[in-house]
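>>> Output the structure for:
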Amino acid sequence: MISAALLTACFVTIFYRAVIEIMSTITPARLEMRNISISFSGFHALQQVDFTLEGGSTHALVGANGAGKSTLMAILSGAHNHYRGEIFIDGQQVDIHSPRQAKQHGIHVVQQEVDVALVPTLSVAENIMLDTLAEQGHLFNWPQLYRQAEALLGQLCLKLNVRQRLESCTLAEKQQVLLARALSHQCRFLILDEPTAPLDQEESARLFRVVRRLQSEGIAIVSFRTAFMNCAKFATN
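So this is what the prediction gives:
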């Protein structure tokens, strides 16, 4: 007689392989921002900026505070809707005027202040699958939820106890939760805000490995930062 533990292990293996297969069939995408301009109370934060993201590459957007890099990424993630200019994905113009629209196009952000996007009293699994749980009419299947969260972390070669409350996690682990959440939406473009700023050397090295793995799967990654430190390790562009 097959034990419940064996059945669970088989399900996780099958689900994990399915996730890998789906990600491996995603064609690397190209995103272009053309002539992007935006003003705040008469101040021109950006003027006719062009920016291109290629799938399967990692871009470091480096500049001093106030240079406009955060504003440009805020536009791409749908946080600002009063900009001028055009955004294209694979040659097709797209509308991005809200975070929801950005996610629909596979654009996801991992903020430096990770806690703003997480719920500390929920489990790791619930935080990874939070957007799915928030869908209207979603039926809760907790064993399946835990298996899906474990599979997404497994895709990143990460191990966390998905049943533990998020508030017990370190900053690096919380960052991993947000990366896994992005993958749950078939992320194609990943924006990282000063990703190594809160991490120590070992945690940063682990993040670099995760980024390289995502890059190998065709995901375009952009990291914006104020210093050139670690750019050569982190970015291809």
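>>> Tell me how many other residues surround Asn141.
Each residue near Asn141 was counted by other C-beta atoms under 10 Å, and the total is 10. No exception for glycine: its C-beta is placed from N, CA and C like everyone else's.
>>> Ser39 versus that one, what's the distance?
Remark: distance between Asn141 and Ser39 (C-beta to C-beta, to the nearest Å) = 48 Å.
>>> now do Phe208
Computed as C-beta to C-beta, the Phe208 to Ser39 distance reads 37 Å.
>>> out of the two, which sits in the more crowded spot?
Neighbour tally, Phe208 and Ser39, criterion other C-beta under 10 Å: the higher count belongs to Phe208, 16 against 13.
>>> For Leu76, see how far away that one is.
From Phe208 over to Leu76 (counting by C-beta to C-beta), the distance is 23 Å.
>>> what do you get for Leu158?
26 Å.
>>> Neighbour count: the two, which is higher?
Comparing Leu158 with Leu76 by neighbour count (other C-beta under 10 Å), the higher total belongs to Leu76, at 24 against 19.
>>> How many residues are close by Arg100?
Other residues near Arg100 number 10, with proximity taken as other C-beta under 10 Å.
>>> can you list contacts of the helix or strand encompassing it?
Assigned by DSSP states H and E, Arg100 belongs to helix 99-104. The contact list for helix 99-104 (C-beta atoms under 8 Å, 6 or more residues apart in numbering) reads Leu76, Ser77, Gly78, Ala79, Val94, Asp95, Ile96, His108, Asp131, His185.
>>> ok, then the element right after that helix?
From helix 99-104 onward toward the C-terminus, using DSSP H and E, the following helix or strand is strand 107-110.
>>> quick check, Arg34 in a strand?
Yes - judged by DSSP: H, G, I helix; E, B strand; the rest coil, Arg34 forms part of a strand.
>>> Wait, it touches Glu86, no?
Yes - under the criterion of C-beta atoms under 8 Å, Arg34 makes contact with Glu86 at 4.8 Å.
>>> which residues in this structure form helices?
Per DSSP state H, the chain carries helices over the ranges 4-24, 69-76, 99-104, 124-128, 130-133, 142-155, 171-183, 201-216, 231-234.
>>> Distance from stretch 97-107 to the middle of the chain?
12 Å (C-alpha atoms, centre = their mean, to the nearest Å).
>>> Just the CA atoms of it, as PDB, please.
Taking C-alpha atoms only, stretch 97-107 is exported to PDB below (Å, rounded to 0.1, in the frame of the first residue of the first chain):
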ATOM      1  CA  HIS A  97      -0.900  52.300 -15.900                       C
ATOM      2  CA  SER A  98      -1.400  50.200 -12.800                       C
ATOM      3  CA  PRO A  99       0.500  47.400 -10.900                       C
ATOM      4  CA  ARG A 100      -2.200  45.000 -12.000                       C
ATOM      5  CA  GLN A 101      -1.500  45.700 -15.700                       C
ATOM      6  CA  ALA A 102       2.200  45.400 -15.100                       C
ATOM      7  CA  LYS A 103       1.700  41.900 -13.500                       C
ATOM      8  CA  GLN A 104      -0.500  40.900 -16.400                       C
ATOM      9  CA  HIS A 105       2.500  41.500 -18.700                       C
ATOM     10  CA  GLY A 106       4.800  39.500 -16.500                       C
ATOM     11  CA  ILE A 107       6.500  42.500 -14.700                       C
END
